[in-house]
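A.B. asks: Build me a model from this:
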Amino acid sequence: MILVFGGTTEGRKAVEVLDEAGQAYYYSTKTGEQDLTPHHGIRIDGAMDYEAMTAFCHDHGIRLIVDAAHPFAAALHLTIHDVAEAMHLPVIRYERIYPPRSSDITWLDDYDDIPHDIHSLLATTGVQSIGRLKHLEQEGIRLFYRILPRESSIRIAHQQGATDDQLCFYEDSKTIDFQADAILLKESGLSGGFEEKVDAARKKGMRILVLKRPSLPQGFIQVDGPHGLRRMIEKWLPEFYPLHSGLTTGTCATAAAIAAACQWAGRGTPDEVAVLLPDGETISVNVTYGDGFASVFKEAGDDPDVTDGLEIRAMVRSAETFGILGGKGVGIITLPGFDYPPGSPAINKVPREMIRNNLSRQHFSTPFLVTISVPDGEEIARKTFNPRLGIEGGISIIGVSGIVKPFSEEAFIDSIRKCMTIAKASGAQRVVINSGGKSERFVHARYPDLPQQAFVEYGNYIGETLRIAHELDIREVTLGVMLGKAVKLAAGFLDTHSRRSTMDKSFIAGMLNEAHCPVDISGIALARKLWQMIPEASVADFARTVISHCHRHCDPLLPNGKLTILLIDEAGHIYP
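C.D. replies: Sure thing, here's the model as predicted:
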């Protein structure tokens, strides 16, 4: 069981990450005032001291703690550390992302460091800090406190000596509508709106005083985003998620490039490097080294990816300007429709930006020319969509988020979109969508003059593929479908995966009656058995009925185009 300490933006994100597992966990806040309802988490509210936390972890079988509490909750962090150390529990700290410390800000280690050469101060450090600031009034400094407009906050403020005329309230936590000589902030990170508050204070001409975030106890496993949190939970409590995440080829190439640059610059050969992902968070990736190169072996997690375990290498050399080349096993683009023109290495825009940004933040003394290679890429590419897309000689270096979620629908739909984009760019007058290689072979004979790029696999995502066709303004679409998917589509299931749709025997019986060929189907388990049961004279009528129902659900998705639906039997005969 996992225990999460939250009450923050990071706590909310942690809930989203843990809910993906569909397993129970505990979510603890001090006040219980956070508006949050976990789908699978059990909420507990109220502060815990060492004894209470120890007892809770013991009684509820806690095996992992996630500390997503506020960075200034120093006492809580220390209690978590002490309990975890005593009970031998790992602690994942979900830390915030912090911008660099600007030189025009006065950075403070403690409240006692607040300068006394100011006349008025707006404190935004919370009601619990009022008691630590009241002594400044004796120095002649006028104090104002910006707090949340909660009854509990106002009550605590009054208890600590604040008067009503000293209180101002948050209308928008990231803007400042009050004037004072100086403002006191906490180093609250990006999710705390720190940069926006600082910018607003600068516009007001206020002196900016910032309390530095306290140091965390030793031994915490730090992450700063949802991907890193999930990967650490998968590592320390692998049974929590039924399926594990992986890394994109783009992330692997980026990690290899960082490691190769460190090796080149004499910074050593670390076993893992930190990779900045497109969403701003940082994850650690394991790396290895060879003679003049660094490697990452791709881990796909539980995503069914033929590139799982593939070695991705990077070599670097100094150059006048930054550049990326494709080496052995990286495909070459031969058709339009990609981020880069034909003749370019198949390294997508996001991975290129990841490599550039990550090398830039390492502050090397020279720009690099980076060569990405994949020793077994050419062989593996034959098992991918690449030949169909006009990418020759190897795999593509791809990835949008940097992380692969297991059996990711998003990834599959993204590949459909790319195939549809290439199909349109091929200049074909018609795009033929089908469920896989078998149906494509049969339909290809109907359109022998179409280029290979005009044939696109939809898998189970018929509705999404048609929506993409509409978005791309593809006017002529043929849908090839076999009976197992067709009866689901006819019933209105635009996603025919077995997790979301099943064969509806009563609906099929209704279509059989509509086609005037009543057949007892109570004993069938597979739709394709219908081809053997329907009298030959009635097959064409039944096929027309199925196609008609499919059109009813599919045509609205292609309002500006013409959709042809072809029903294919097991022998490859096509109706109509």
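A.B. asks: Quick check: buried residues in stretch 230-246?
C.D. replies: By 16 or more other Cβ atoms under 10 Å, the buried positions in stretch 230-246 come out as 230, 231, 232, 233, 234, 236, 237, 240, 241, 244, 245, 246. C-beta: built from backbone N, CA, C; applies to glycine.
A.B. asks: Also stretch 26-33?
C.D. replies: For stretch 26-33, by 16+ other Cβ under 10 Å, it's 26, 27, 28, 29, 30.
A.B. asks: what's the closest of the residues you listed to residue 315?
C.D. replies: residue 27 (46.5 Å; Cβ to Cβ).
A.B. asks: from memory the closest one sits against residue 38, does it?
C.D. replies: Yes: assessed by Cβ atoms under 8 Å, residue 27 is found in contact with residue 38 at 5.5 Å.
A.B. asks: Identify the contacts common to those two.
C.D. replies: residue 15 (Cβ atoms under 8 Å, 6 or more residues apart in numbering).
A.B. asks: which SS class is residue 143?
C.D. replies: Classification of residue 143 by DSSP: H, G, I helix; E, B strand; the rest coil places it in strand.
A.B. asks: Might you report the residue contacts of it?
C.D. replies: The contact partners of residue 143, by Cβ under 8 Å, 6+ apart, come to 120, 121, 123, 133, 134, 136, 137, 166.
A.B. asks: again, 7 Å this time
C.D. replies: Going by Cβ atoms under 7 Å, 6 or more residues apart in numbering, residue 143 touches 121, 123, 133, 136, 137, 166.
A.B. asks: Tally up the residues packed near residue 75, please.
C.D. replies: By the measure other Cβ atoms under 10 Å, the count of residues near residue 75 is 11.
A.B. asks: Point me to the helix or strand that includes it.
C.D. replies: Using DSSP states H and E, residue 75 maps to helix 74-87.
A.B. asks: Tell me the helix or strand right after that helix.
C.D. replies: Going down the chain from helix 74-87, the next helix or strand is strand 91-94, by DSSP H and E.
A.B. asks: so what does that next one touch, helix or strand wise?
C.D. replies: Other helices and strands packing on strand 91-94, by 3 or more Cβ pairs under 7 Å, 6 or more residues apart in numbering; DSSP states H and E, are strand 64-67, helix 74-87, strand 221-223, helix 226-236.
A.B. asks: Name every strand pairing with it and say which way it goes.
C.D. replies: strand 64-67 (parallel), strand 221-223 (parallel) (DSSP bridges).
A.B. asks: In the chain, which helix is the longest?
C.D. replies: Longest helix of the chain, by residue count under DSSP state H: helix 536-554.
A.B. asks: If you count neighbours, what's buried in that one?
C.D. replies: Those would be 538-539, 541-543, 545-547, 549-551, 553-554, for helix 536-554 by 16+ other Cβ under 10 Å.
A.B. asks: Nearest to residue 85 among those residues?
C.D. replies: Using Cβ to Cβ, the buried residues of helix 536-554 come closest to residue 85 at residue 553, 58.9 Å.
A.B. asks: From residue 463, how far off is the closest one?
C.D. replies: The gap separating residue 553 from residue 463 is 8 Å, by Cβ to Cβ, to the nearest Å.
A.B. asks: Overlap in contacts, the two.
C.D. replies: Counting by Cβ under 7 Å, 6+ apart, the common neighbours of residue 553 and residue 463 are residue 494.
A.B. asks: So, low pLDDT: which residues of this protein?
C.D. replies: Filtered on pLDDT under 70, the chain yields the residue ranges 170-178, 303-304, 337, 406-409, 411, 498-499, 525.
A.B. asks: Spatially central, which residue of it would that be?
C.D. replies: Nearest residue to the geometric centre of the chain (Cα atoms, centre = their mean): residue 401, 5.5 Å.
A.B. asks: wait, what's in contact with that residue?
C.D. replies: By Cβ under 7 Å, 6+ apart, the residues touching residue 401 are 277, 278, 279.
A.B. asks: Buried ones among these?
C.D. replies: Among those, the ones that count as buried by 16+ other Cβ under 10 Å are 277, 278.
A.B. asks: Reformat the contacts of residue 401 as TSV; add secondary structure and distance to residue 310.
C.D. replies: Shown next, in TSV, are the contacts of residue 401 (DSSP: H, G, I helix; E, B strand; the rest coil; distance: Cβ to Cβ, whole Å):
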residue	secondary structure	distance to residue 310
277	coil	20
278	coil	22
279	coil	24
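A.B. asks: Can you tell me which of the buried residues of helix 536-554 is nearest residue 152?
C.D. replies: residue 553 (52.7 Å).
A.B. asks: Now the residue nearest to that closest one when sequence neighbours are not counted: which helix or strand?
C.D. replies: Using Cβ to Cβ, 6 or more residues apart in numbering and skipping the chain neighbours, the partner closest in space to residue 553 is residue 492 (5.2 Å). For residue 492, there is no host helix or strand (DSSP H and E).
A.B. asks: Next, work out how far apart residue 492 and residue 16 are.
C.D. replies: Distance of residue 492 to residue 16, computed by Cβ to Cβ: 30 Å.
A.B. asks: now, among the buried residues of helix 536-554, which is nearest to residue 423?
C.D. replies: residue 554 (17.8 Å).
A.B. asks: Tell me who's in contact with that closest one.
C.D. replies: By Cβ under 7 Å, 6+ apart, the contact set of residue 554 is 466, 479, 563.
A.B. asks: Highest neighbour count among these?
C.D. replies: Neighbour-wise, the contacts of residue 554 (other Cβ under 10 Å) top out at residue 479, 29 neighbours.
A.B. asks: That one: which element?
C.D. replies: Using DSSP H and E, residue 479 falls in strand 476-482.
A.B. asks: Please apply the same query to residue 563.
C.D. replies: Using DSSP H and E, residue 563 sits within strand 562-568.
A.B. asks: So for that strand, what gets flagged as buried?
C.D. replies: Buried residues in strand 562-568 (16+ other Cβ under 10 Å): 563, 565, 566, 567, 568.
A.B. asks: got the contact list for the closest residue to the first one other than its chain neighbours?
C.D. replies: Spatially, and ignoring its direct neighbours in sequence, residue 563 is nearest to residue 477 (5.2 Å; Cβ to Cβ, 6+ apart). Listed by Cβ under 7 Å, 6+ apart, the contact set of residue 477 reads 431, 433, 469, 558, 561, 563.
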